[in-house]
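> Dropping the sequence and predicted coords here.
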Amino acid sequence: MNLPSADVATTATEPAVATAAAAAASTEGSGRWGSLGPLGLVLAGGISVQFGGALAVTLMPRVGALGVVALRLAVAAIVLLAVCRPKVRGYSRADWGTIVVFGITMAAMNGLFYQSVDRIPLGTAVTLEVLGPLALSVLASRRAVNLVWAGLALGGVFLLGGGGFSSLDPVGVAFALSAGAMWATYIVFSARTGRRFPQADGLALAMVVAAVLFLPLGIIESGSKLLAPTTIALGAAVAVLSSVLPYTLELLALRRLPASTFAILMSLEPAIAATAGFLVLNQALSLTEASAIALVIAASMGAVRTQVGRGKARGIGADGS
């Protein structure tokens with residue numbers, strides 16, 4: 001899953017994406033990464049996130065789902081602090097309150113998602129999780145056409161569950177849907193954080209909050225297993241693939257890519273996740289499951305296009321400006 005954070009990406013809401021674009025616009029040159037082109041950067045980020053998630057699943061037998069999340073958040077926090085070097089003075093109580101809530105949301109989102117992929121296939125988990133941002137987009141738009149996209153997504157979920165999720169672990173499904181709700185919450189607080197803190201300072205500070213909250217849970221579940229050199233190395237790889245690298249790539253892409261196009265590309269996350277699950281974890285999809293994921297992707301794309309059309313009708317550019 002994208003951690004999203006480090007993954008400013010969301011499937012269907014423009015506020016957080018536009019905030020990230022504004023932050024990215026103030027950074028220095030993109031260097032050699034820019035040679036990939038903005039579309040290539042976004043796709044590379046998505047591939048990095050989902051293959052990082054697949055690697056995390058292989059790490060779970062060593063330290064459990066909570067241990068994996070603790071390692072990922074801790075390493076990501078250390079890297080972001082080193083890179084961003086955020087200042088801690090000059091902020092109000094409301095600013096710090098936003099950071100704390102953002103950090104709690106990130107911790108919950110990651111914890112719930114990894115509990116999910118510990119029980120159900122990666123592609124299925126991401127498809128269910130993406131319903132959170134999709135629901136937020138539909139509710140925010142308040143247009144009748146979005147009922148079509150909601151119905152399409154529900155049809156995909158119905159197919160995915162075989163009419164009742166009898167073939168899936170119901171606890172894993174519940175965790176994935178809960179992670180989706182946290183993803184929608186993450187979007188809201190990502191935008192608020194971006195408005196209050198410069199560059200990626202707010203993200204770095206919120207990641208520290210998330211790591212501090214989750215480390216005790218990881219220690220309780222895994223104890224000294226977290227200190228094994230192989231485990232630390234794999235955990236660091238998960239953090240880089242799922243958080244640090246995709247965030248950097250997406251940040252660079254948003255300097256030259258309209259937010260609407262970026263959000264549509266993020267709608268492909270379930271398909272990328274299913275591919276990663278197949279290649280890394282041997283999690284093959286049936287024709288019905290593939291069709292279900294395709295329906296959810298189509299619903300996400302449709303919802304984004306509706307938002308874009310609404311923005312243009314109001315005289316707002318596709319880049320969110």
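Looks like it arrived, so ask away.

> could you pull out the helices for the protein?
Counting by DSSP state H, the chain has helices at residues 14-25, 38-84, 93-117, 122-129, 131-141, 145-160, 170-196, 201-222, 229-239, 245-253, 259-266, 269-281, 287-313.

> so can I have JSON lines of the ones you listed showing mean pLDDT?
Converted to JSON lines, the helices of the chain look like this (pLDDT from 0 to 100):
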{"stretch": "helix 14-25", "mean pLDDT": "40"}
{"stretch": "helix 38-84", "mean pLDDT": "88"}
{"stretch": "helix 93-117", "mean pLDDT": "92"}
{"stretch": "helix 122-129", "mean pLDDT": "83"}
{"stretch": "helix 131-141", "mean pLDDT": "70"}
{"stretch": "helix 145-160", "mean pLDDT": "70"}
{"stretch": "helix 170-196", "mean pLDDT": "86"}
{"stretch": "helix 201-222", "mean pLDDT": "91"}
{"stretch": "helix 229-239", "mean pLDDT": "90"}
{"stretch": "helix 245-253", "mean pLDDT": "73"}
{"stretch": "helix 259-266", "mean pLDDT": "62"}
{"stretch": "helix 269-281", "mean pLDDT": "81"}
{"stretch": "helix 287-313", "mean pLDDT": "69"}
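
> which of those is buried the deepest?
The highest average neighbour count among the helices of the chain, using mean count of other C-beta atoms under 10 Å, belongs to helix 122-129 at a mean of 30. Yep, even glycine has a C-beta here, placed from its N, CA and C like the rest.

> Quick one: residues in contact with that helix.
1, 50, 53-54, 57, 113, 116-117, 156-157, 160, 168, 172-173, 175-177, 179-180, 183, 269-271, 273-278, 281, 283, 285, 289, 292-293, 296 (C-beta atoms under 8 Å, 6 or more residues apart in numbering).

> what's stretch 94-104 in contact with?
186, 189-190, 192-193, 196-197, 202, 205-210, 212-213.

> May I have that stretch exported as PDB, CA atoms only?
Provided in PDB are the C-alpha atoms of stretch 94-104 (Å, rounded to 0.1, in the frame of the first residue of the first chain):
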ATOM      1  CA  ALA A  94      -3.200  23.900  16.500                       C
ATOM      2  CA  ASP A  95      -0.300  23.100  14.200                       C
ATOM      3  CA  TRP A  96       1.100  20.400  16.500                       C
ATOM      4  CA  GLY A  97      -2.400  19.100  17.000                       C
ATOM      5  CA  THR A  98      -2.700  18.500  13.300                       C
ATOM      6  CA  ILE A  99       0.700  16.700  13.300                       C
ATOM      7  CA  VAL A 100      -0.400  14.400  16.100                       C
ATOM      8  CA  VAL A 101      -3.700  13.500  14.400                       C
ATOM      9  CA  PHE A 102      -1.900  13.000  11.100                       C
ATOM     10  CA  GLY A 103       0.600  10.700  12.800                       C
ATOM     11  CA  ILE A 104      -2.100   8.700  14.500                       C
END
